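Sharing a model that was predicted from the sequence below.
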Amino acid sequence: SGLRPNPEFGYFGDFGHDRSFGEHGVYWNREFVRGGKLELSQAVVCREIQVAEQELEMERLRVLTDTRAQFYELLVLQRRLEIAQQFVLLSEQAVAISQQLFDAEEIAELALLQAKLQARNTNVVVLQAETQLQGAANRLAALVGLSESEMIRAEGVVEPAGEALQFESLLGQLLLASPE
């Protein structure tokens with residue numbers, strides 16, 4: 001409040017052992033107020049504010065990056081599940097056709113069993129994709145502050161934007177560059 005701090009003045013003493021004199025003394029302490037402390041204090045506070053703002057911006061960018069990465073992971077896993085479900089339909093059709101061919105004695109039983117095994121394997125792939133998709137949805141929900149019970153569906157395009165690869169030209173380049 002504009003007043004200078006009071007000085008401190010004191011005495012210290014210690015009586016020694018066996019009634020001998022120990023150490024004794026006096027002390028005097030005073031804080032000397034110099035000019036410019038307000039400016040220094042304000043500069044320190046301004047620097048602390050700048051550091052806090054930088055940390056806030058870094059955290060904001062970190063959360064934004066994590067959210068984007070999790071969104072694209074969810075988008076890719078959704079597409080993977082769709083493709084796996086299409087494989088299940090195809091493998092079920094393959095089993096039905098293999099069964100018809102086996103009944104007509106056109107293929108061996110081994111071919112029918114292989115088709116059935118492939119159908120079971122595609123069902124396992126679907127279960128794995130569903131589990132991974134649920135985990136990704138839960139992680140994204142946690143990042144954006146939603147409850148895990150709310151199912152999140154990402155909307156977007158997984159395929160890369162750009163020129164489609166031409167099979168014929170790539171095959172030609174491969175054959176041209178191949179040593180065989």
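Alright, I've got the coordinates.

From the chain's centroid, how far away is the lowest-mean-pLDDT helix or strand in the chain?
The helix or strand of the chain with the poorest confidence is helix 167-177; it has a mean of 76 (mean pLDDT, DSSP states H and E). Centroid separation between helix 167-177 and its chain, computed with CA atoms, centre = their mean, to the nearest Å, is 39 Å.

what does stretch 139-155 give?
Remark: stretch 139-155 is offset 14 Å from the chain centroid, using CA atoms, centre = their mean.

what's in contact with it?
Applying CB atoms under 8 Å, 6 or more residues apart in numbering, the contact partners of stretch 139-155 are Val63, Asp66, Thr67, Gln70, Phe71, Tyr72, Glu73, Leu74, Leu75, Gln78, Ala137, Asn138. Quick note: C-beta positions are derived from backbone N, CA and C, even for glycine.

Only the buried members of those residues: can you turn that into a ChimeraX selection?
The following ChimeraX line selects those of the contacts of stretch 139-155 that are buried, judged by 16 or more other CB atoms under 10 Å:
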select :70,71,73,74,75,78,137,138
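
Same list, the contacts of stretch 139-155, but as a markdown table with secondary structure please.
Output for these, formatted as a markdown table (DSSP: H, G, I helix; E, B strand; the rest coil):
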| residue | secondary structure |
| --- | --- |
| Val63 | helix |
| Asp66 | helix |
| Thr67 | helix |
| Gln70 | helix |
| Phe71 | helix |
| Tyr72 | helix |
| Glu73 | helix |
| Leu74 | helix |
| Leu75 | helix |
| Gln78 | helix |
| Ala137 | helix |
| Asn138 | helix |
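
Taking the contacts of stretch 139-155, tell me the two that lie furthest apart.
Val63 and Gln78 (22.3 Å; CB to CB).

on that earlier part again, for the least confident helix or strand of the chain, packing partners?
With contacts defined as 3 or more CB pairs under 8 Å, 6 or more residues apart in numbering; DSSP states H and E, helix 167-177 has no helix or strand neighbours.

Any buried residues in that helix, and which?
Neighbour counts over helix 167-177 (16+ other CB under 10 Å) mark no residue as buried.

repeat for stretch 138-157
Residues of stretch 138-157 classed as buried: Asn138, Arg139, Leu140, Ala141, Leu143, Ile152, Ala154 (neighbour count, 16+ other CB under 10 Å).

what's the average pLDDT for it?
Confidence over stretch 138-157 (mean pLDDT, whole number) is 79.

residues contacting Phe12?
Contacts here follow CB under 8 Å, 6+ apart; on that basis Phe12 touches Glu23, His24, Gly25, Val26, Tyr27.
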